[in-house]
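Novice: Got a sequence here, can you build the structure:
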Amino acid sequence: MIIIKPKLNIILFTTVIFLGVAFFAFPETTLDGAKNGVNICLNSLIPSLFPFMALSTFIMRTDAFYLPCKVFGKATKFLFLLPESAGSIIFMSLIGGYPVGAKLTADALQRGDITENEAKRLCIFCMNAGPAFTLSVLGVNIYGSAEIGLVIFISLCISSVIIGVLTRFLSNGETRAPICKSKKVFSTDDITFSVWDAFEATMRICAWVILFSAYTACIVIKAGRAGEFISSIAEVTSGAVTVAQNYPIPVVTALCGFGGICVHCQVLKYLKTCTLQYKLFFVGRILNAALSASICHLILYYFPIEQNVSYTFSTARVSVTSVSVPTVITFIFMCISMILNVERKRKIC
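Specialist: Here you go, the predicted model:
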């Protein structure tokens, strides 16, 4: 049972009232925002996140986990005072995007591969925007330069590594898996579990994105330029795209490093599993935002990148007609399959 503190209870109640008023006061704006959130999920999140989450879950459950574990294991032990088995989690979190690292950390803790202390430390720095978002969405679509997207991604990676090194001082010296050992040969059960587990996690993420997109649209309409920045702090996927039109690249990098409140909500379940207090996680996000922005500024200062000044941002906006039909069909099929699978389990029970 979760006990909510009185002050937090008041904040939650006020937020719910505000959302209800916004829905009835600006129904068209809220609806357009929700549609934009659905488009983001169909065109960006599901195609890039679901396959990677399924693959990463499969790798962590089977013998495929052994190779990246050995490659990054020694560096993990030397830099972060973490077991070699955590090397794969760190690597996957850097290339997989925001919720992947937290999810894999929670799964590893439940399997007994790492201790609670190690899980807490991993959750603090194993969360950043992946190359699919920084290179493709921000770099190519927004700035018209893959090099800029690469600079943002490198800045986020270096910042995560620095924070990871700092978490050494939070270590209690205990470890459950000091040596990375080969696990087992994969089976069909591992494939099935990986697919369904990744699908459920992806749907939870999409639900948060749609919800935040619906209500942040009201803030943008009423608050103008300031509203765009506030909405980007709330939902980073579409917010970073909007802020990139009016603010310097290091600011966009800072937003990606912070992650947005929407992403924070997505990982709350995993933070609870790892027994990490949200305030410590939040401090880690603020530190990550500051470090990544500073690193990005230094890189661009010493290695300036020419940007196409004639590039227009309008081409990067998501419209209703931009939805991928195959993606929609696949999405509907997956939903139907999940419903049938749930009904089948109920009958068995």
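
Novice: give me the number of residues near Gln277?
Specialist: Neighbourhood size, Gln277 [other C-beta atoms under 10 Å]: 11. Every C-beta, even on glycine, is put in place using the N, C-alpha and C of the backbone.

Novice: all helices in the stretch 101-250 of the chain, in order from the N-terminus.
Specialist: Here the stretch 101-250 of the chain has its helices, by DSSP state H, counting those that start in this stretch, at 116-125, 131, 146-166, 188-234, 236-243, 249-258.

Novice: for the ones you listed, which one sits closest to Phe18?
Specialist: Ranking those by proximity to Phe18 (C-beta to C-beta) places helix 188-234 first, at 8.4 Å.

Novice: Flag the shaky bits of the stretch 101-250 of the chain, pLDDT-wise.
Specialist: For the stretch 101-250 of the chain, the stretches with pLDDT under 70 are 175-188, 222-225.

Novice: want to try TSV for the helices of the stretch 101-250 of the chain, with mean neighbour count as columns?
Specialist: Below are the helices of the stretch 101-250 of the chain laid out as TSV (neighbours: other C-beta atoms under 10 Å):
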stretch	mean neighbour count
helix 116-125	24
helix 131	20
helix 146-166	21
helix 188-234	18
helix 236-243	24
helix 249-258	25
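
Novice: can you tell me how far the spatially most central residue of the chain sits from Leu268?
Specialist: With distances taken as C-alpha atoms, centre = their mean, the residue of the chain nearest its centroid is Tyr98 (1.8 Å). According to C-beta to C-beta, to the nearest Å, Tyr98 and Leu268 sit 13 Å apart.

Novice: Please name whichever of the helices of the stretch 101-250 of the chain is nearest to Gly33.
Specialist: Gly33 lies closest to helix 188-234 among these, at 2.8 Å (C-beta to C-beta).

Novice: Dump the helices of the stretch 101-250 of the chain to JSON lines, plus distance to Tyr301.
Specialist: As requested, these are exported to JSON lines (distance: least, C-beta to C-beta, whole Å):
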{"stretch": "helix 116-125", "distance to Tyr301": "25"}
{"stretch": "helix 131", "distance to Tyr301": "23"}
{"stretch": "helix 146-166", "distance to Tyr301": "11"}
{"stretch": "helix 188-234", "distance to Tyr301": "24"}
{"stretch": "helix 236-243", "distance to Tyr301": "21"}
{"stretch": "helix 249-258", "distance to Tyr301": "10"}
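
Novice: What strand or helix carries Phe58?
Specialist: Assigned by DSSP states H and E, Phe58 belongs to helix 46-61.

Novice: and that helix, how far from the chain's centre?
Specialist: Centre-to-centre, helix 46-61 and its host chain are 13 Å apart (C-alpha atoms, centre = their mean, to the nearest Å).

Novice: in that helix, what counts as buried?
Specialist: Neighbour-count burial for helix 46-61 flags 46-50, 52-61 (criterion: 16 or more other C-beta atoms under 10 Å).

Novice: out of those, what pair is the most spread apart?
Specialist: Among those, the pair separated by the greatest distance (C-beta to C-beta) is Pro47 and Arg61, at 23.0 Å.

Novice: ok so, going back, of the buried residues of helix 46-61, just say which sits nearest to Arg285.
Specialist: Distance to Arg285 across these (C-beta to C-beta) is lowest for Leu49, with 19.4 Å.

Novice: check contacts around that closest one.
Specialist: 96-97, 99-100, 132, 202, 205 (C-beta atoms under 8 Å, 6 or more residues apart in numbering).

Novice: possible to save those as a markdown table with distance to Ser85?
Specialist: Below are the contacts of Leu49 laid out as a markdown table (distance: C-beta to C-beta, whole Å):
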| residue | distance to Ser85 |
| --- | --- |
| Gly96 | 17 |
| Gly97 | 21 |
| Pro99 | 20 |
| Val100 | 16 |
| Ala132 | 25 |
| Thr202 | 25 |
| Ile205 | 25 |
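
Novice: Which ChimeraX command selects the buried ones in those?
Specialist: Burial among the contacts of Leu49 is assessed by 16+ other C-beta under 10 Å; the matching ChimeraX selection reads:
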select :96,97,99,100,132,202,205
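
Novice: can you pull the contacts of Leu255?
Specialist: The contact partners of Leu255, by C-beta under 8 Å, 6+ apart, come to 232-233, 236, 239-240, 243, 289.

Novice: Fine by me, we can end here.
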